[in-house]
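Undergrad: Fold the following, please.
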Amino acid sequence: MANQLLVSAPRHLDAYFAASLSIRRRPKRMAPPPPVGRRGGTDSESADGIGTFDVESQAARSSTPTGNGDNEEIDIQAIANDAKDFAQIISLTVLPNVHNGRSDVAEITPFSLFPTPFPRNLFRLAEKVQKAFNLLYFRISNDFEFLSETFEPVAKTNENVRRMLNILKQVHDEGIKQTKTVVLARSDYMCHVITDKETNEQKYELKQIEMNAGQIGGLSVSSRITEMHRRTLWRAGIDATKDQVPDNEAGLGAAEVLYKAWKAFGDPNAIILFVASRTSKNRYGQRHIEYDITNLAEAEGKAIQIVRLSLPGCAKMYKDGNEYDWETLLMFERSTTIMSPTIALDLATQKKVQQILAKPGMVEHYLEDQLEIVPLVRSTFAGLWSLTDKDEETQKAINDAIAHPEKYVIKPNLEGGGHNFFDEKLRKKLQEFTDEEREAHILMQKLSAMRVKNFMMRGHKKPQFGEMTTELGIFGFLLGDRSDGKVLHNVQRGHFMRTKLAEVNEGGVSHGTGVFDSAFLVP
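TA: Numbers count the residues shown, from 1 in each chain. From the prediction side, this is the model:
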């Protein structure tokens with residue numbers, strides 16, 4: 001395997017790093033590796049110059065790059081072996097599928113061997129609009145009338161939404177006991193490729209897939225993936241700058257907003273409660289956030305009690321829960337607890353709201369004091385349509401989807417993936433849906449994701465080379481007061497990428513077809 005990868009690596013990496021990619025060349029005297037735990041890359045370009053990456057002039061055949069000859073090939077297997085060891089050193093690990101509640105076992109987190117090239121201007125755009133998205137969904141979650149009107153039709157066919165809506169109404173009628181709330185957000189995007197049919201030239205656009213809030217993934221793994229990729233690039237002969245491999249502190253951003261919420265609660269004896277499934281593989285990542293909170297408190301001379309509650313099958317209980325489970329959720333909503341997410345925020349970030357926001361005037365209504373950012377926010381929207389609206393534009397899109405189903409995807413309000421309809425199944429559903437089923441689904445433009453070549457790294461498996469597509473997630477954190485809409489803290493901090501095999505419509509890390517990733521920004 002090592003010899004095979006050694007021979008093929010230069011061609012693969014040359015395809016991965018586009019020929020036009022300008023990066024910092026390493027001087028003949030080799031630079032030291034980035035230290036373990038380093039948050040930043042090289043600050044700027046040095047005097048040795050900028051040039052096109054020539055993979056065959058780099059070397060990574062031993063634990064330290066040799067750099068003492070031209071046209072040396074890169075040993076991918078050597079980099080992969082080093083990366084597996086490094087993953088263990090920096091805690092880029094998860095629990096195995098079968099762990100029986102033990103915490104003394106671990107395997108490496110699935111990751112790409114190298115970061116994925118991503119257009120710098122689109123990455124910066126995603127960062128720029130994140131605070132506006134934080135505020136937008138915070139304000140929507142405070143609009144009881146809008147949420148009620150939007151989800152009453154959906155509740156007719158979705159038991160989960162029906163129960164959530166009942167709790168929302170009961171808490172609203174009784175009066176909210178805790179007005180402060182935390183928004184932990186991640187906005188997911190694709191780099192959408194548009195190809196000119198006449199010139200074959202390609203244009204790239206940033207298009208939002210969805211907004212996630214509350215129990216979002218990738219917070220702690222993101223910084224460690226970036227640290228890993230700085231090392232694998234160094235092994236390949238590249239000293240990445242911060243402008244190429246951006247700093248990544250999403251986990252610290254989450255810890256910071258949770259610590260601020262604890263202080264805003266106003267009781268030094270208050271606890272922070274983490275509730276997670278006992279079967280979750282991501283216990284180590286969750287622990288990192290707990291430790292960051294403790295460190296922030298200790299730096300200010302404060303002591304926080306953090307309690308971790310592990311429940312069997314939380315996700316299944318939430319989806320198919322009995323009356324006791326829903327009563328427990330109602331109890332939290334009626335208490336003075338600062339929750340993340342609240343029922344209101346959970347509803348606000350569902351697919352139906354995303355589709356409604358694409359209508360004229362909706363974003364403007366909620367961001368009326370920030371109209372200058374609205375065009376940038378709207379520029380990230382993909383085509384989104386209701387399946388029940390009777391206007392000419394919507395009917396035209398539905399008819400086009402029946403004629404050309406390969407250009408669209410049907411998404412249910414249900415979160416979690418694996419429930420979308422593509423191609424002939426999409427055409428059939430559009431022709432067979434009842435009116436109530438149409439209320440519970442939206443029609444979305446199918447994006448043409450940018451494709452790259454990379455290696456997937458998974459525990460107990462050899463590096464898998466292939467063509468892949470990626471999603472970019474941008475993190476944002478907000479602390480606000482629901483009683484008056486006041487924002488106490490609102491930041492964008494960190495990013496996260498998930499990369500999967502290009503031929504897979506739906507899949508991801510948990511399905512074995514995807515890995516965690518980070519961005520290598522290119523012109």
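Undergrad: Partner strands of the helix or strand where residue 499 lies and their direction?
TA: Following DSSP states H and E, the helix or strand that holds residue 499 is strand 487-501. According to DSSP bridges, strand 487-501 forms sheet pairs with strand 464-481 (antiparallel), strand 514-517 (antiparallel).
Undergrad: Mean neighbour count, those: which tops it?
TA: Among the strands paired with strand 487-501, the stretch with the highest mean neighbour count (mean count of other C-beta atoms under 10 Å) is strand 514-517, at a mean of 26. (Glycine included, C-beta is placed from N, CA and C.)
Undergrad: how far does that one sit from the chain's center?
TA: Its chain's C-alpha centre and that of strand 514-517 lie 11 Å apart, by C-alpha atoms, centre = their mean, to the nearest Å.
Undergrad: One more: stretch 147-159?
TA: Relative to the mean C-alpha coordinate of its chain, stretch 147-159 is positioned 27 Å out (C-alpha atoms, centre = their mean).
Undergrad: what does stretch 281-299 give?
TA: Taking the mean C-alpha point of stretch 281-299 and that of its whole chain, the gap between them comes to 19 Å (C-alpha atoms, centre = their mean).
Undergrad: And for stretch 253-265?
TA: In this view, stretch 253-265 has its centroid 21 Å away from the chain centroid, taken as C-alpha atoms, centre = their mean.
Undergrad: and if you look at stretch 428-447?
TA: Per C-alpha atoms, centre = their mean, the displacement of stretch 428-447 from the mean C-alpha position of its chain is 25 Å.
Undergrad: Buried residues of that stretch, list them for me.
TA: The neighbour-count criterion (16 or more other C-beta atoms under 10 Å) identifies 429-430, 433, 438-447 as the buried residues of stretch 428-447.
Undergrad: What average pLDDT does that stretch get?
TA: Mean per-residue pLDDT for stretch 428-447: 94.
Undergrad: likewise stretch 470-489?
TA: Per-residue pLDDT values across stretch 470-489 average out to 97.
Undergrad: try stretch 328-339
TA: 92.
Undergrad: CA atoms only for that stretch - export them in PDB, please.
TA: Output of stretch 328-339 as PDB, limited to C-alpha atoms (Å, rounded to 0.1, in the frame of the first residue of the first chain):
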ATOM      1  CA  THR A 328     -39.600  16.800  31.200                       C
ATOM      2  CA  LEU A 329     -39.000  19.200  28.300                       C
ATOM      3  CA  LEU A 330     -42.000  21.300  29.300                       C
ATOM      4  CA  MET A 331     -40.500  21.400  32.900                       C
ATOM      5  CA  PHE A 332     -37.300  23.000  31.600                       C
ATOM      6  CA  GLU A 333     -39.200  25.400  29.400                       C
ATOM      7  CA  ARG A 334     -41.300  26.600  32.300                       C
ATOM      8  CA  SER A 335     -38.300  27.000  34.600                       C
ATOM      9  CA  THR A 336     -35.700  29.800  35.100                       C
ATOM     10  CA  THR A 337     -33.100  27.800  33.200                       C
ATOM     11  CA  ILE A 338     -31.200  29.500  30.400                       C
ATOM     12  CA  MET A 339     -31.600  26.900  27.700                       C
END
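Undergrad: now what about it, what contacts it?
TA: Stretch 328-339 has contacts (C-beta atoms under 8 Å, 6 or more residues apart in numbering) with 167, 170-171, 174, 177-178, 180-182, 261, 264-265, 273, 318, 342-343.
Undergrad: returning to what we had before: which ones among the buried residues of stretch 428-447 map onto helices?
TA: Using DSSP state H, 429, 430, 438, 439 are the members of the buried residues of stretch 428-447 that sit in helices.
Undergrad: Can you give me every residue that contacts the first one?
TA: It stands for residue 429. Contacts of residue 429 (C-beta under 8 Å, 6+ apart): 410, 421, 441.
Undergrad: and if you look at the third one?
TA: Residues touching residue 438, when contacts are defined by C-beta under 8 Å, 6+ apart, comprise 387, 388.
Undergrad: State the number of residues packed around residue 323.
TA: Number of residues near residue 323 (other C-beta atoms under 10 Å) recorded here: 8.
Undergrad: okay, residue 320: pLDDT?
TA: What the model reports for residue 320 is a pLDDT of 51.
Undergrad: Which secondary structure element of this structure has the lowest mean pLDDT?
TA: Of all the helices and strands that make up the chain, strand 50-52 has the lowest average by mean pLDDT, DSSP states H and E, namely a mean of 30.
Undergrad: Confirm residue 184 sits in a strand?
TA: Yes. Under the criterion used here (DSSP: H, G, I helix; E, B strand; the rest coil), residue 184 sits inside a strand.
Undergrad: How about residue 273, nearest residue that isn't a chain neighbour?
TA: Excluding its sequence neighbours, the residue lying closest to residue 273 (C-beta to C-beta, 6 or more residues apart in numbering) is residue 307, at 5.1 Å.
Undergrad: Likewise for residue 118?
TA: residue 519 (4.4 Å).
Undergrad: Please name the residues that touch the one you found.
TA: 115, 116, 117, 118, 123, 245, 246, 472, 495, 497.
Undergrad: run the last query once more with 7 Å
TA: Applying C-beta atoms under 7 Å, 6 or more residues apart in numbering to residue 519 gives the contacts 115, 116, 118, 123, 246, 472, 495, 497.
Undergrad: So which other helices or strands are in contact with the strand or helix carrying the residue nearest to residue 273?
TA: With elements taken from DSSP H and E, the one containing residue 307 is strand 305-311. With contacts taken as 3 or more C-beta pairs under 7 Å, 6 or more residues apart in numbering; DSSP states H and E, strand 305-311 sits against strand 271-277, helix 283-299.
Undergrad: Which one of the ones you listed lies nearest to residue 359?
TA: Counting by C-beta to C-beta, residue 359 lies closest to strand 271-277 out of the helices and strands packed on strand 305-311; the figure is 35.5 Å.
Undergrad: ok, so what distance separates the nearest residue to residue 254 once chain neighbours are set aside from residue 145?
TA: Computed as C-beta to C-beta, 6+ apart, the closest residue to residue 254 that is not its neighbour in sequence is residue 219, at 4.9 Å. With distances taken as C-beta to C-beta, to the nearest Å, residue 219 is found 32 Å from residue 145.
Undergrad: same question, residue 82
TA: Using C-beta to C-beta, one gets 57 Å for the distance from residue 82 to residue 145.
Undergrad: Of the two, which one has the most company?
TA: Here residue 82 and residue 145 are compared on neighbour count by other C-beta under 10 Å; more neighbours surround residue 82, at 18 against 8.
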